[in-house]
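Undergrad: can't give you the sequence, but here's the structure:
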């Protein structure tokens with residue numbers, strides 16, 4: 001077993017590292033003298049355990065640990081109260097039985113016995129082991145580090161654990177269902193059903209039956225009892241996409257369901273209680289719809305307990321390279337070849353207005369990876385709507401540097417920080433080694 005310990009040690013002592021090498025040569029110890037260095041190594045190396053001594057700047061350290069566990073929930077952290085305990089803990093690791101040591105590094109959910117065993121070797125000093133909590137927010141599928149996306153993520157962390165009704169507003173293709181699924185996954189209902197309903201896609205003649213269910217014989221063709229979408233989501237989350245498309249009659253019945261937490265199926269007199277969380281979404285301005293009389297004001301107020309605005313892609317252009325990488329990796333898993341965009345193609349992606357938002361970007365990436373030749377996707381592989389702007393020069397004039405120059409600088413810095421170690425540089429950049437090699441070739445950095 002080869003495992004790595006990251007030691008955040010504000011005092012420049014290497015005696016402990018020598019001790020580990022001597023007693024446990026299969027363990028690798030990386031010493032960091034500050035949090036900045038530690039953040040780099042967490043990205044660049046396969047860290048199994050982070051060992052950190054608290055000192056007078058405890059708040060800063062705890063915020064760093066919280067951020068680390070949110071980004072890397074499988075990491076394990078051991079906090080000790082002072083520099084002496086740091087040494088005791090490292091020495092304890094050299095004395096632990098091999099099977100116990102293996103359990104510390106290999107298990108993502110160490111037992112309480114394991115934690116107590118580590119503490120036993122602290123020479124009666126007190127230490128605290130922090131393991132990644134199961135409640136940490138998983139943003140899988142919600143990609144982006146732009147200010148708009150960071151603001152959205154912070155809001156989701158606050159509201160997901162509650163049972164509050166949520167309204168998501170945003171243009172078509174901005175990922176409203178992805179947001180809804182992230183909320184459900186981090187709520188107390190995560191082990192129950194998530195039922196998505198596209199209100200715009202259901203025929204008006206059957207929408208009542210689809211939502212509320214029906215009894216056998218309620219109408220022609222009703223040959224059995226059905227639960228309906230609402231009762232199918234009992235104890236879970238019902239996601240009503242394009243809620244503004246619901247007919248007014250269905251809006252009234254939905255409002256009664258929300259108020260009474262009960263459902264009356266078509267053709268039945270019995271009322272069934274339901275325990276659901278409603279997340280609704282729309283690309284329309286519901287306030288304007290209320291003014292026009294196409295959406296009930298009382299239902300709007302019922303749904304509008306918390307409103308989330310999904311930002312359009314043109315307002316978070318900085319996230320386009322991250323989204324492209326995400327979609328390419330997704331397509332590779334589906335069997336497509338691994339490719340990257342050329343500098344000119346990426347500049348065109350960044351310059352485009354994206355009326356279809358993230359959904360349109362995914363389709364463009366899929367099309368480019370399908371029709372392009374070789375490992376590089378060029379500008380002519382991008383299937384844009386030609387009525388929309390794709391002015392590369394306009395983008396270059398608006399930005400102090402192209403994405404290529406930023407990418408080149410990032411690669412140079414990563415290689416410098418890793419003293420030329422390409423594998424570590426790739427990890428630091430969040431890309432595969434193959435992608436890094438292709439980028440080195442494109443930018444003549446070899």
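TA: On my side now, so go ahead. The structure presented is a predicted model; accordingly, all values stated were derived computationally and were not measured.
Undergrad: all contacts plus neighbour counts: C-alpha atoms, from now on.
TA: OK.
Undergrad: the strands in the stretch 201-350 of the chain, which residues?
TA: Along the stretch 201-350 of the chain, counting by DSSP state E, counting those that start in this stretch, strands occupy 237-241, 262-263, 272-273, 277-282, 306-309, 340-341.
Undergrad: Quick check: end-to-end length of stretch 303-310?
TA: End-to-end distance for stretch 303-310: 16 Å, by CA to CA, to the nearest Å.
Undergrad: Correct me if wrong, but residue 31 is in a strand.
TA: Yes: counting by DSSP: H, G, I helix; E, B strand; the rest coil, residue 31 is part of a strand.
Undergrad: That one contacts residue 7, correct?
TA: Yes: between residue 31 and residue 7 a contact is recorded at 4.9 Å, counting by CA atoms under 8 Å.
Undergrad: buried ones in stretch 172-187?
TA: Using 16 or more other CA atoms under 10 Å as the test for burial, stretch 172-187 gives 172-177, 179-187.
Undergrad: Residue 242 and residue 201 touch, don't they?
TA: No: counting by CA under 8 Å, residue 242 stays clear of residue 201, with 9.1 Å between them.
Undergrad: Looking at these two, which one has more neighbours?
TA: In terms of neighbours (other CA atoms under 10 Å), residue 242 is the more surrounded of residue 242 and residue 201; the figures are 20 against 11.
Undergrad: show me what contacts that one?
TA: Shown in contact with residue 242 (CA atoms under 8 Å, 6 or more residues apart in numbering): 198, 199, 200, 280, 281, 282, 283.
Undergrad: Likewise for residue 248?
TA: With contact set as CA under 8 Å, 6+ apart, residue 248 has these partners: 294, 295, 296.
Undergrad: 7 Å instead, please
TA: The neighbourhood of residue 248, defined by CA atoms under 7 Å, 6 or more residues apart in numbering, consists of residue 295.
Undergrad: pLDDT wise, what is the closest residue in space to residue 156 that isn't next to it in sequence at?
TA: In space, and not counting its chain neighbours, residue 156 is closest to residue 183: 6.6 Å by CA to CA, 6 or more residues apart in numbering. Here, the pLDDT recorded for residue 183 equals 91.
Undergrad: and if you look at residue 116?
TA: Note on residue 116: pLDDT of 40.
Undergrad: With residue 51 instead?
TA: We have a pLDDT of 77 for residue 51.
Undergrad: And what about it, helix, strand or coil?
TA: Under three-state DSSP, residue 51 comes out as strand.
Undergrad: ok, it to residue 6 distance?
TA: Residue 51 is 6 Å from residue 6, by CA to CA.
Undergrad: ditto for residue 191
TA: Residue 191 is 35 Å from residue 6, where distance means CA to CA.
Undergrad: out of these two, which sits in the busier spot?
TA: Using other CA under 10 Å, the more surrounded residue of residue 191 and residue 6 is residue 6, with 22 against 12.
Undergrad: Could you list the domains of this structure?
TA: Following automatic domain parsing, one gets these domains for the chain: 3-131, 147-311, 314-442.
Undergrad: In terms of mean pLDDT, which of those domains ranks lowest?
TA: domain 3-131 - the lowest mean pLDDT of the domains of the chain, at a mean of 59.
Undergrad: quick one, the helix or strand hosting the residue nearest to residue 156 and strand 237-241 angle?
TA: Secondary structure assignment for residue 183, by DSSP states H and E: helix 176-185. Using axes from the mean of the first three to the mean of the last three CA atoms, to 10 degrees, the inter-axis angle of helix 176-185 relative to strand 237-241 is 170 degrees.
Undergrad: okay, now residue 303: neighbour count?
TA: 22.
Undergrad: Bridge partners for residue 168, pull those for me.
TA: On the basis of DSSP bridges, residue 168 is bridged to residue 281, residue 308.
Undergrad: Distance check, it against residue 292.
TA: Applying CA to CA to residue 168 and residue 292 gives a distance of 20 Å.
Undergrad: just residue 370 next, same as before
TA: 45 Å.
Undergrad: Looking at those two, which is more packed in?
TA: residue 370 (14 against 10).
Undergrad: in which helix or strand would I find the more buried one?
TA: Using DSSP H and E, the element containing residue 370 is helix 357-371.
Undergrad: neighbouring contacts of that helix?
TA: By CA under 7 Å, 6+ apart, the residues outside helix 357-371 that reach it are 173-175, 312-313, 324, 327, 339, 354, 377, 381-383.
Undergrad: For those residues, please prepare TSV with the additional fields distance to residue 301.
TA: Listed next are the contacts of helix 357-371 as TSV, based on distance: CA to CA, whole Å:
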residue	distance to residue 301
173	25
174	23
175	23
312	24
313	28
324	38
327	37
339	48
354	31
377	48
381	46
382	43
383	41
